[in-house]
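K.L.:
Prediction below, plus the sequence it came from.
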Amino acid sequence: MGPAGRGIFVSYAREDEPYRKRLHVHLTPAVRGREIRYWDDRAIAPGAAWAAEIQQAIQQSSIAILLVSADFFASTYIQDVEVPAVLEARAEGRLAVIPVIVGPSGYTSDPRLGGLQAFNDPAAPLSGLPAPQQEVLWSGLAEYVRGVGGVLSLGRSANIIDVLDPQIEHVRAGTADAGAPVRHSVTVAAEQSPREPVLVGRVRGESRTRITAAELAQRLSPEDLDHVHTLETSMERWYADWKALYAGRGTNLGDDETLKAAVRRMRHDLVQVLDFLQQLGFDLQDHYSRIRNAITSI
C-alpha cells in the first residue's frame, strides 16, 4: 500500500447525525493519546472551502468510515465529491474504506460501493436494531478499526525495515552503497482486498501468511495494538532522522560513528516490530534476520 496519513475520515448525511455521534463516542478511546485525527465535516471552519478541506482530510487519513443510508445516497455532495475521492484514495492503496449500513438503502446494487464488504449486514441496518444491539455493533466497529490500524502500522513499519536493510548492512560491513534497488525474497506488507486490509507475508512473491484486520484485532490486545501504532510512529521518526544522516554519508561507512549511533537509537523499536511480526507467524528469514543481526552487532 502507498503512503497514507493517520486520520479517520467519516462520510455521512446530516440526517444520520445521531449515528455519527455514537460512532465518535466509541472511536474516542481508540484514538485518545495517539497521533490520529478523527475528521468529519464539523471540523470545517466557517468560510472555508469545503471541497479543498475534504480532499485534504482524505489525503491525511488512512481509514474512511462511510455511514450508509438512503440519505447518504441522496446527498449530491457525498456522491459527487466525497465518494469519488475516497474510492480514488482506496484504489491508490492510501485508504482503507469501511462502510457501515445505518439505514435501508440500495447499497448492494450500487455500482461503485456495492463491491465493498460492509461492516454489518446490509439487510439488517442499524436503524432496525434495538439500541443495545446498536451499541454492541459500534463497540465491535471500534475494535475492528484498531485492527485495521494495526495492519497498516505493521505494514508501514515493515516497509521502513525493507528500505533500511541494505543501508544498515553497508554501515555494518563498511562497504560502499552503489544505490541500486534491492529486491527481497521475503516480504511483509499491508495489501488491500475487497473486504479489508490484509497483512501478507510473501516468499519469492508467493503468499504464505495472511492476517486480516479482524483477525489481528482478535490476536492482539488493545494495548498491543496501541503499541504497534506507537512503534510505527517511532520508526517513521527514526527513519526521517536516518535519511538526513545517510544522505550526507562519507565514502567509508564503516567509520561513520554518527550513522552507527543512529542505528543504535532505533535498535529497540526495530527489534520490537520484528518480534510482533514473528509472534504473528510471519517468516522472518532473508533480510529480516540479517537486519536483526546487523543492528545488534553495531
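P.N.:
Right, received. Where do you want to start? Numbering: from 1, shown residues only.

K.L.:
Contacts for stretch 128-148, please.
P.N.:
Stretch 128-148 is contacted from outside by 8, 22-23, 25-27, 29-30, 63, 65, 96, 98, 100, 104, 119-120, 126, 196-197, 212-218, 222, 225-226, using CB atoms under 8 Å, 6 or more residues apart in numbering. Heads up, the C-betas are built off the backbone N, CA and C, glycines and all.

K.L.:
again, but for stretch 189-207
P.N.:
1, 90, 93, 96, 98, 115-117, 148, 151-152, 154-156, 158-159, 185-188, 208-214, 216, 277, 280, 282-283.

K.L.:
and these, which of them are in strands?
P.N.:
Per DSSP state E, strands hold the following members of the contacts of stretch 189-207: 96, 98, 186-188, 208-212.

K.L.:
And the pLDDT at residue 209?
P.N.:
Per-residue confidence (pLDDT) for residue 209: 94.

K.L.:
Now for it: which residues touch it?
P.N.:
By CB under 8 Å, 6+ apart, the contact set of residue 209 is 199-201, 280-283.

K.L.:
Most neighbours of all those, which one?
P.N.:
Taking other CB atoms under 10 Å as the neighbour criterion, residue 199 ranks highest of the contacts of residue 209 with 26 neighbours.

K.L.:
Now do the same for it: helix, strand or coil?
P.N.:
Following DSSP: H, G, I helix; E, B strand; the rest coil, we place residue 199 in the strand state.

K.L.:
As TSV, the contacts of residue 209 with distance to residue 82 would be great.
P.N.:
As requested, those are exported to TSV (distance: CB to CB, whole Å):
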residue	distance to residue 82
199	28
200	29
201	34
280	34
281	38
282	35
283	40
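
K.L.:
Tell me which two of the ones in strands among the contacts of stretch 189-207 sit farthest apart.
P.N.:
Using CB to CB, the two most remote members of those are 98 and 186, lying 29.9 Å apart.

K.L.:
Just the element for residue 85, please.
P.N.:
helix 83-91 (DSSP states H and E).

K.L.:
how about low-confidence regions in the stretch 1-150 of the chain?
P.N.:
Along the stretch 1-150 of the chain, the parts satisfying pLDDT under 70 run over 1-5, 32-50.

K.L.:
Report the central residue of this protein.
P.N.:
residue 152 (2.7 Å; CA atoms, centre = their mean).

K.L.:
Out of the contacts of stretch 128-148, list just those in helices.
P.N.:
Those of the contacts of stretch 128-148 mapping onto helices are 22-23, 25-27, 29-30, 213-218, 222, 225-226, per DSSP state H.

K.L.:
Quick one: distance of the longest helix anywhere in the chain to the chain centre.
P.N.:
Across the chain, the longest stretch assigned as helix under DSSP H is helix 131-173. Remark: helix 131-173 is offset 5 Å from the chain centroid, using CA atoms, centre = their mean, to the nearest Å.

K.L.:
do the same with stretch 238-258
P.N.:
Taking mean C-alpha positions (CA atoms, centre = their mean), stretch 238-258 and its chain are 28 Å apart.

K.L.:
List of residues touching that stretch?
P.N.:
The contact list for stretch 238-258, computed with CB under 8 Å, 6+ apart, reads 160, 163-164, 167, 170-177, 259, 262, 265-266, 269-270.

K.L.:
If you count neighbours, what's buried in it?
P.N.:
Buried residues in stretch 238-258, counting neighbours by 16 or more other CB atoms under 10 Å, are found at 238-239, 242, 246, 249, 253, 256.

K.L.:
Domain-wise, how is the protein divided?
P.N.:
7-129, 153-297 (automatic domain parsing).

K.L.:
Now the terminal residues of the first one, how far apart.
P.N.:
The one in question is domain 7-129. Distance between the boundary residues of domain 7-129 (CA to CA, to the nearest Å) amounts to 29 Å.

K.L.:
what about that domain, distance to the chain center?
P.N.:
With CA atoms, centre = their mean as the basis, the distance from the averaged C-alpha position of domain 7-129 to the chain average is 16 Å.

K.L.:
do the last one as well
P.N.:
Here domain 153-297 is found 15 Å from its chain centre; the criterion is CA atoms, centre = their mean.

K.L.:
returning to what we had before: I'd like to know which of the contacts of stretch 128-148 are buried.
P.N.:
Among the contacts of stretch 128-148, the ones that count as buried by 16+ other CB under 10 Å are 8, 22-23, 26-27, 30, 63, 65, 96, 98, 100, 119-120, 126, 196-197, 212-217, 225-226.

K.L.:
rewinding a little: where is pLDDT lowest across the contacts of residue 209?
P.N.:
Scoring the contacts of residue 209 by pLDDT puts residue 283 last, at 87.

K.L.:
residue contacts, it?
P.N.:
Counting by CB under 8 Å, 6+ apart, residue 283 has contacts 186, 201, 203, 208-209.

K.L.:
Having no further points to raise, I will conclude here.
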